[in-house]
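**Student:** quick one, what's the 3D model for this:
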Amino acid sequence: MNPRYLPTTVDGKVARVVEESGEVVEVIGRCLRIFGKIGRFGLDSADPEGGPNNAAMFLSELADLRHAISQAENCLTDFAKIKVGNAELIWTKELVPASELRELYNEEHLTDEQFLAENKVIGVCSGQWHREGLEYRL
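**Tutor:** You can find the predicted model right below:
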């Protein structure tokens, strides 16, 4: 991406969240290009001069996409808020394992899987637990 065309902050620096989001779009474009090649030539097809086949290239681009999305999420975390009445729920990077939640709720007799199956969202005083994989974010 050309830094000349990226939005800047008040102090003239490139807005990091915009830069990371642009990277996501760029990698999606590369994924779509390889997906098109797979549609035309198949997963096993490779350059006649050698190199990775389309499946290997697609896996590589998907890994890049996961990384780009993670970077964008990390930048957006500082800005993410939800207004609920007079309160604001703030997205944090802190993850709480299910075992700690089971302890908080005095449900230690359940396994992590059972607890997670029964509790999709857990409300608390100043925030909200949000399920993310096998852990929750506050």
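
**Student:** where do the strands sit along the protein?
**Tutor:** Along the chain, counting by DSSP state E, strands occupy 81-84, 87-90, 95-97, 121-123, 128-132, 135-137.

**Student:** burial check on residue 27, number of neighbours?
**Tutor:** 19 (other Cβ atoms under 10 Å). C-beta: built from backbone N, CA, C; applies to glycine.

**Student:** residues in contact with it?
**Tutor:** 61, 64, 65, 68 (Cβ atoms under 8 Å, 6 or more residues apart in numbering).

**Student:** now, the most widely separated pair of the residues you listed?
**Tutor:** 61 and 68 (10.1 Å; Cβ to Cβ).

**Student:** so how many other residues sit close to residue 101?
**Tutor:** Number of residues near residue 101 (other Cβ under 10 Å) recorded here: 18.

**Student:** going forward, count from 37.
**Tutor:** Right, with 37 as the first residue, what we last looked at is residue 137.

**Student:** and the gap between it and residue 97?
**Tutor:** 36 Å (Cβ to Cβ, to the nearest Å).

**Student:** try residue 87
**Tutor:** Residue 87 is 14 Å from residue 97, by Cβ to Cβ.
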